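In: 3D model of this:
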Amino acid sequence: MEHTELLNYITHLPLDLPGSLFHDKPKNSGTARVSAASVNHFAEDVPDQIQKDILNSTLFAQRAANAKYPGDQSGSKEWYNFYTDILSKLGWNILNFRRDQVDNASASGTCSELVLSLLMGFLSPNEVDLFKDVLEGLKNAKSATKIFESSANNDKSANFQCGSIRMNGNFAEMKLGVYTFSTTAHIQNVLFWSWKDQTVNFYAGTATLLFNESMYAKVREAIMDRLGNNMLDFIDNVPLS
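Out: Numbering: from 1, shown residues only. Below you'll find the model as predicted:
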């Protein structure tokens, strides 16, 4: 796609962007951040500008996918195909994306326990420990939790992502986990929701993504213009211990 054509595509792509919702967020410090329905941990070697670019590009892709596949279509195969297609247009090289149904999901007790068990087969032990810390921090981060919950929870279904980001040479590398589940019960507090006796249909996927900052720089201003105040409304820090 030519540069002018890509900028025109970004400018006119429908996004699911409601009005300003969150104005009471404390300014926490830390290297974990929520971007709508995505929880991200950044290693210390990831520069601030690249962190901002990653948060904005993934937010843009989420809201574009939500606009095209709203409500309970969020998290569908089509949703993720569109989501990854948008990311690829914004400078992301997506490797080895796979998504499957998880057997006996309800045996894990809570959503966070299941997510951590799935991450153990994908992240390093140290990265898993860091994500445990992120989830603990999220329990006490009211504003970040409010953002995540409003974006991930669709009443009886949920769709969200977890990313672990570090530098790999000149590129930022994200190990991405994607998660979608549905049930007959009304879901509250997605990440810490307990299955109890509910039947749960749970899908999980993983991918490794490489972020090309020089490619994204060509569309950075266009993305920021489209997101506007939503960069503030849907992104927040998660304090780490």
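In: what about the strands in the chain?
Out: Using DSSP state E, the strands found in the chain span residues 32-35, 38-42, 92-102, 157-168, 171-182, 201-211, 235-238.
In: nearest to residue 109, of those?
Out: For residue 109, the closest of the strands of the chain is strand 201-211, at 12.6 Å, according to C-beta to C-beta. C-betas here are computed from N, CA, C, even on glycine.
In: so that closest one versus strand 171-182, what angle?
Out: On the basis of axes from the mean of the first three to the mean of the last three C-alpha atoms, to 10 degrees, strand 201-211 is oriented at 170 degrees to strand 171-182.
In: helices or strands up against strand 201-211?
Out: helix 48-68, helix 77-89, strand 92-102, helix 111-119, strand 171-182 (3 or more C-beta pairs under 8 Å, 6 or more residues apart in numbering; DSSP states H and E).
In: Just put these in JSON lines and tack on mean neighbour count and mean pLDDT.
Out: Below are the helices and strands packed on strand 201-211 laid out as JSON lines (neighbours: other C-beta atoms under 10 Å; pLDDT from 0 to 100):
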{"stretch": "helix 48-68", "mean neighbour count": "21", "mean pLDDT": "95"}
{"stretch": "helix 77-89", "mean neighbour count": "18", "mean pLDDT": "95"}
{"stretch": "strand 92-102", "mean neighbour count": "14", "mean pLDDT": "93"}
{"stretch": "helix 111-119", "mean neighbour count": "19", "mean pLDDT": "91"}
{"stretch": "strand 171-182", "mean neighbour count": "22", "mean pLDDT": "95"}
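In: Now render the ones you listed as CSV, adding distance to residue 140.
Out: Shown next, in CSV, are the helices and strands packed on strand 201-211 (distance: least, C-beta to C-beta, whole Å):
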stretch, distance to residue 140
helix 48-68, 21
helix 77-89, 29
strand 92-102, 28
helix 111-119, 14
strand 171-182, 22
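In: Identify whichever of those lies nearest to residue 157.
Out: Counting by C-beta to C-beta, residue 157 lies closest to strand 171-182 out of those; the figure is 4.0 Å.
In: Just the CA trace of the helix-or-strand element of the chain with minimal mean pLDDT, in PDB.
Out: The weakest-scoring helix or strand in the chain, judged by mean pLDDT, DSSP states H and E, is helix 230-233 (a mean of 80). Extracted C-alpha coordinates of helix 230-233, given in PDB (Å, rounded to 0.1, in the frame of the first residue of the first chain):
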ATOM      1  CA  ASN A 230      -8.700   8.600  23.500                       C
ATOM      2  CA  MET A 231      -4.900   8.300  23.900                       C
ATOM      3  CA  LEU A 232      -5.500   9.700  27.400                       C
ATOM      4  CA  ASP A 233      -8.800   8.000  28.000                       C
END
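In: Show me what it is packed against.
Out: With contacts defined as 3+ C-beta pairs under 8 Å, 6+ apart, helix 230-233 has these neighbours: helix 48-68.
In: What is the burial count for residue 133?
Out: Counted by other C-beta atoms under 10 Å, the residues lying close to residue 133 total 16.
In: And residue 235, by the same measure?
Out: 23.
In: now the one 5 residues further on
Out: Using other C-beta under 10 Å, residue 240 has 15 other residues around it.
In: list the contacts for it?
Out: 30, 31, 32, 133, 134, 137 (C-beta atoms under 8 Å, 6 or more residues apart in numbering).
In: So for the residue nearest the centre of the chain, what's the nearest residue that isn't a sequence neighbour?
Out: In the chain, the residue lying closest to the centroid (C-alpha atoms, centre = their mean) is residue 38, at 2.1 Å. Of all residues not flanking residue 38 in the chain, residue 161 sits nearest, at 4.3 Å (C-beta to C-beta, 6 or more residues apart in numbering).
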